[in-house]
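In: 3D, please:
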Amino acid sequence: MSDRTELLRQIKDEVIGLKESPLYQERIKNKVFPVIGEGSHHARIMFIGEAPGRNEAATGKPFCGAAGKILDELLVSADIDRKDVYITNIVKDRPPFNRDPLPDEINAYGPFLDRQIEIIQPSVIATLGRFSMDYIMRKFGLENQLKSISQMHGKSFKATTNYGEIKIIPLYHPAVAIYNNTTKDTLIKDFQILKSPPL
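Out: Okay, the predicted model is just below:
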């Protein structure tokens, strides 16, 4: 077992036992799972969503419902194999009724995401939705460049980590295409920036 696998397993164990999380009782009451993340532990691209939905909490897998099907299509459109990327969320447990994550929930789970980034060391972080965009831009000291996601989607921002320079690419959450099919064309266009070797 590689060091990265072991370190990520430790995060999983800690999240499972996170009784002080504001969402822990929801998980126990509903007999569902936290969603830690999945994919390559040496991924070039890391996708970060907001929080698990119903299908994700039921299975413990990220992006496995309707939004996941759209994400899979978007990956194919950019010639990216899902198994080569790492997919996770800021918040690891499902907020009730799929509501937006609250600040205290983001604060509770954010440190686990920070560690996942340090372990995997992606060269590209693609944020899915405005909450992950906001969190990641602030984490890397780019809050002065924050605008609405409608102004930032599909653009590339440089940031510095303790392992080198990375690119941050805000993207719409794939779920927007469930309710508004015209946004799928925008998502497909935005995803082309992730094609290798561009960026």
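
In: what helix or strand is the residue nearest the centre of the chain on?
Out: For the chain, residue 48 is the residue whose C-alpha lies nearest the centre (Cα atoms, centre = their mean; 1.3 Å). Using DSSP states H and E, residue 48 sits in strand 45-49.

In: quick check: closest non-adjacent residue to the residue nearest to the centre of the chain.
Out: With sequence-adjacent residues excluded and distances taken as Cβ to Cβ, 6 or more residues apart in numbering, residue 48 is closest to residue 132, at 4.4 Å. Using the backbone N, CA and C atoms, a C-beta is placed for each residue, glycine as well.

In: try residue 134
Out: residue 146 (6.6 Å).

In: over to residue 114?
Out: Closest to residue 114 by Cβ to Cβ, 6+ apart is residue 139, at 6.9 Å.

In: how many residues are close by the residue nearest to residue 176 when sequence neighbours are not counted?
Out: Nearest residue to residue 176 in three dimensions, chain neighbours excluded: residue 183, at 4.7 Å (Cβ to Cβ, 6+ apart). By the measure other Cβ atoms under 10 Å, the count of residues near residue 183 is 19.

In: how about the residue nearest to residue 114, phi and psi?
Out: Torsion angles at residue 139 (phi, psi; degrees, to the nearest 10) stand at phi -60, psi -40.

In: please shift the residue numbers so they start at 11 in all later answers.
Out: That works, and once the first residue is 11, the last one we named lands at residue 149.

In: tell me the contacts of residue 45?
Out: 62, 66, 67, 70, 71, 72, 98, 99, 102, 103, 104 (Cβ atoms under 8 Å, 6 or more residues apart in numbering).

In: give me the subset of those residues lying in helices.
Out: 66, 67 (DSSP state H).

In: adding distance to residue 41 and neighbour count, write the contacts of residue 45 out as a markdown table.
Out: Formatted as a markdown table, the contacts of residue 45 follow (distance: Cβ to Cβ, whole Å; neighbours: other Cβ atoms under 10 Å):
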| residue | distance to residue 41 | neighbour count |
| --- | --- | --- |
| 62 | 14 | 30 |
| 66 | 14 | 25 |
| 67 | 10 | 25 |
| 70 | 12 | 17 |
| 71 | 16 | 18 |
| 72 | 19 | 26 |
| 98 | 22 | 26 |
| 99 | 20 | 28 |
| 102 | 16 | 30 |
| 103 | 13 | 27 |
| 104 | 12 | 26 |
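
In: name the element the residue nearest to residue 58 belongs to?
Out: helix 140-149.

In: now that helix, how far from the chain's geometric center?
Out: 10 Å (Cα atoms, centre = their mean, to the nearest Å).

In: okay but residue 112 is in contact with residue 103, surely?
Out: No. In terms of Cβ atoms under 8 Å, residue 112 does not count as a neighbour of residue 103; the distance is 11.9 Å.

In: that'll do, ta.
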